[in-house]
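Visitor: Structural data only, the sequence is not supplied:
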């Protein structure tokens with residue numbers, strides 16, 4: 001074998017070795033050998049719930065990193081998250097420990113956050129939320145089962161009784177039916193008689209059920225009642241319209257109620273009428289004296305009688321004599 005062949009073989013083995021090393025590094029680094037280091041975030045919880053290093057960090061169900069380590073920080077536990085730097089996490093996002101399955105492990109679920117929120121810086125702390133774990137859910141289910149068992153026990157006690165208050169509901173119902181069986185039978189017989197009478201058209205209800213004429217009359221009566229109700233509605237509507245007109249000051253009544261000038265005129269007229277009536281009652285004025293003074297009444301009666309006698313004398317005397325008679329009679 002010459003030197004050239006040996007050199008070619010050595011070069012080929014060297015290239016194969018370099019390729020093998022490259023494939024190994026790419027596999028171990030998950031294709032990120034020459035990319036920048038992962039983004040670090042801190043998530044604090046009261047309880048990590050068996051979360052451990054290597055568990056996934058997911059955003060909308062997509063893996064974006066993993067848990068680097070867990071640690072205690074005072075009175076809380078912290079999980080250090082390594083997140084892909086190409087995936088920005090908004091500062092209003094929240095991290096939650098989610099159970100992967102009944103027999104699976106847990107993982108960190110990160111919410112999407114707001115679209116315009118600035119991303120969290122490397123080493124920043126992300127907000128966290130607590131979700132119920134399997135143990136909490138099972139404990140709540142156990143408590144619910146205990147309450148259901150107590151409720152069923154109460155129902156069973158109510159139905160069967162405890163022997164202290166005369167038995168449960170079923171025993172009391174049985175006793176009630178047994179003690180009142182005769183009354184129940186009589187009631188059933190009475191109901192049967194009533195239904196028989198109705199079927200044969202006896203009584204008012206039987207006639208209404210079996211006589212179509214009464215049925216028609218009843219419908220006509222109902223129609224008349226409806227018509228009367230419609231008329232009543234029309235009357236009420238008209239009354240409401242009249243009241244609206246009165247409230248708006250329209251018409252004579254509206255003017256009298258809401259027109260201040262008309263009200264003042266009425267008050268003045270009433271005052272004048274009252275003043276006149278007071279004067280008449282006191283005998284003031286000509287009409288008042290005529291009403292209150294009996295002497296004026298007697299004088300008027302005497303004068304009328306004299307005029308009457310004068311007129312009687314005119315029939316028997318001439319004009320001049322009549323004038324003289326009239327003057328003598330009046331004065």
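Guide: Arrived safely. Note that this is a predicted model, so its numbers are computed, not measured. Numbering: from 1, shown residues only.
Visitor: What are the buried residues along the lengthiest strand in the chain?
Guide: Using DSSP state E to define each element, the chain has its longest strand at strand 62-73. Neighbour-count burial for strand 62-73, counted by 16 or more other CB atoms under 10 Å, picks out 64, 65, 66, 67, 68, 70. All C-beta atoms are positioned from the backbone trio N, CA, C, and that covers glycine.
Visitor: Just send those residues back as a markdown table, with pLDDT too.
Guide: Listed next are the buried residues of strand 62-73 as a markdown table, based on pLDDT from 0 to 100:
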| residue | pLDDT |
| --- | --- |
| 64 | 92 |
| 65 | 92 |
| 66 | 92 |
| 67 | 93 |
| 68 | 92 |
| 70 | 92 |
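Visitor: which one of those residues sits closest to residue 45?
Guide: residue 70 (9.6 Å; CB to CB).
Visitor: circling back to that earlier point, out of the buried residues of strand 62-73, which is nearest to residue 20?
Guide: residue 66 (26.9 Å).
Visitor: Thought residue 51 was touching the closest one, still the case?
Guide: No: taking contacts as CB atoms under 8 Å, residue 66 lies outside contact range of residue 51: 11.1 Å.
Visitor: picking up where we left off before, show me which of the buried residues of strand 62-73 is closest to residue 151.
Guide: residue 70 (42.6 Å).
Visitor: ok, the closest one touching residue 53?
Guide: Yes: applying CB under 8 Å, one finds residue 70 in contact with residue 53, separated by 6.4 Å.
Visitor: For residue 267, see how far away residue 276 is.
Guide: 15 Å (CB to CB, to the nearest Å).
Visitor: So for these two, which sits in the more crowded spot?
Guide: residue 276 (14 against 10; other CB atoms under 10 Å).
Visitor: residue contacts, the more buried one?
Guide: For residue 276, the contact set (CB atoms under 8 Å, 6 or more residues apart in numbering) is empty.
Visitor: quick revisit: show me what the longest strand of the chain pairs with in its sheet, parallel or antiparallel.
Guide: strand 56-59 (antiparallel), strand 76-83 (antiparallel) (DSSP bridges).
Visitor: and the next element down the chain from the last one?
Guide: Okay, so that is strand 76-83. strand 94-99 (DSSP states H and E).
Visitor: how big is the angle separating that following strand from strand 76-83?
Guide: Strand 94-99 and strand 76-83 are oriented at 100 degrees to each other (axes from the mean of the first three to the mean of the last three CA atoms, to 10 degrees).
Visitor: how about strand 94-99: buried residues?
Guide: Of all the residues in strand 94-99, those buried under the rule 16+ other CB under 10 Å are 95, 96, 97, 99.
Visitor: Check the gap between residue 20 and residue 11 for me.
Guide: Taking CB to CB, one finds residue 20 at 15 Å from residue 11.
Visitor: again with residue 245
Guide: 117 Å.
Visitor: Looking at these two, which one has more neighbours?
Guide: residue 245 (13 against 10).
Visitor: pLDDT value on that one, please?
Guide: On pLDDT, residue 245 comes in at 71.
Visitor: just checking, it is part of a helix?
Guide: Yes: remark: residue 245 belongs to a helix, assigned using DSSP: H, G, I helix; E, B strand; the rest coil.
Visitor: what's the distance between it and residue 39?
Guide: Applying CB to CB to residue 245 and residue 39 gives a distance of 81 Å.
Visitor: export the buried residues of strand 62-73 to CSV and tack on distance to residue 80?
Guide: Formatted as CSV, the buried residues of strand 62-73 follow (distance: CB to CB, whole Å):
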residue, distance to residue 80
64, 15
65, 10
66, 10
67, 7
68, 4
70, 7
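Visitor: which one of the residues you listed is nearest residue 204?
Guide: residue 64 (84.9 Å).
Visitor: show me what contacts that closest one?
Guide: Shown in contact with residue 64 (CB under 8 Å, 6+ apart): 57, 58, 83, 84, 87, 110.
Visitor: Residue 110 against residue 90, yeah?
Guide: No: counting by CB under 8 Å, residue 110 stays clear of residue 90, with 9.6 Å between them.
Visitor: of those two, who's got more company?
Guide: Using other CB under 10 Å, the more surrounded residue of residue 110 and residue 90 is residue 110, with 24 against 18.
Visitor: so what's the backbone phi/psi at that one?
Guide: phi -110, psi 130 (degrees, to the nearest 10).
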